[in-house]
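Student: What would the 3D arrangement of this be:
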Amino acid sequence: LCNLEQIESAGESAGRSGCHMFFSRDTRFVVKVISIHDKDVLLEQVFDDLFEYLQDTPSSLLCRIYGVYKIKQILKHNIYVVLLENLISRIPAHSLQAIYDLKGSTVNRWSSEKDKVKKDTNFLQNQKFLSVADCDRTNLLKTIETDVKFLKSLGLMDYSLLVTVV
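Tutor: All right, here's what the predicted structure looks like:
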């Protein structure tokens with residue numbers, strides 16, 4: 001996946017959402033460094049309910065979590081990581097025109113040109129809207145509504161919609 005030095009340096013500033021993510025060689029998985037607080041929330045409040053929800057709702061757009069791990073280091077702080085499914089890996093790279101991480105806010109939601117993943121303000125400037133067929137639109141909105149209702153039931157409010165433009 002990546003070398004321990006990368007993970008160690010990422011762990012030193014873990015907790016800033018989205019800052020430290022690594023991909024498996026085949027890009028099917030993402031390893032994200034998380035804070036101890038996020039680890040506790042995942043394991044104590046989210047994991048079991050999410051597993052059940054995803055089994056009952058196969059059409060969910062929520063990311064599949066394959067595990068939460070602790071990397072123990074002698075004489076150093078522990079580092080926590082979560083292993084996630086990378087849905088974007090299913091899309092051929094040559095087809096990807098843009099990737100947006102949308103939170104529904106424009107406050108501090110801008111990415112520079114060098115960033116691969118753009119944010120809300122970039123989306124509003126570049127895309128304006130998404131073109132989706134009516135039948136797909138209905139299913140998409142229903143799925144998003146169901147997923148958001150589930151996240152709300154867990155008391156989670158810091159989540160985003162990853163949109164790929166092909």
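
Student: Sheet-wise, list the partners of the host helix or strand of G67 with their directions.
Tutor: According to DSSP states H and E, G67 maps onto strand 65-71. Strand 65-71 has the following strand partners under DSSP bridges: strand 79-85 (antiparallel).

Student: what helices or strands is whichever helix or strand comes after the strand it pairs with leaning on?
Tutor: On the C-terminal side of strand 79-85, the nearest following helix or strand under DSSP H and E is strand 98-102. Where contact means 3 or more CB pairs under 8 Å, 6 or more residues apart in numbering; DSSP states H and E, strand 98-102 is packed against strand 117-119, helix 120-126, strand 161-165. C-beta: built from backbone N, CA, C; applies to glycine.

Student: now what about the second one, what contacts it?
Tutor: Contacts made with helix 120-126 from outside it, assessed by CB atoms under 8 Å, 6 or more residues apart in numbering, are listed as A98, Y100, L102, K103, G104, S105, T106, R109, W110, S111, K118, V163.

Student: Just name the closest of these to Q55, please.
Tutor: V163 (25.3 Å; CB to CB).

Student: Was I right to think Q127 contacts Q97?
Tutor: No. Counting by CB atoms under 8 Å, Q127 stays clear of Q97, with 9.6 Å between them.

Student: Pick out whichever of those two has more residues nearby.
Tutor: The residue with more neighbours, out of Q127 and Q97, is Q127; 15 against 9, by other CB atoms under 10 Å.

Student: Got phi/psi on the more buried one?
Tutor: phi -100, psi -40 (degrees, to the nearest 10).
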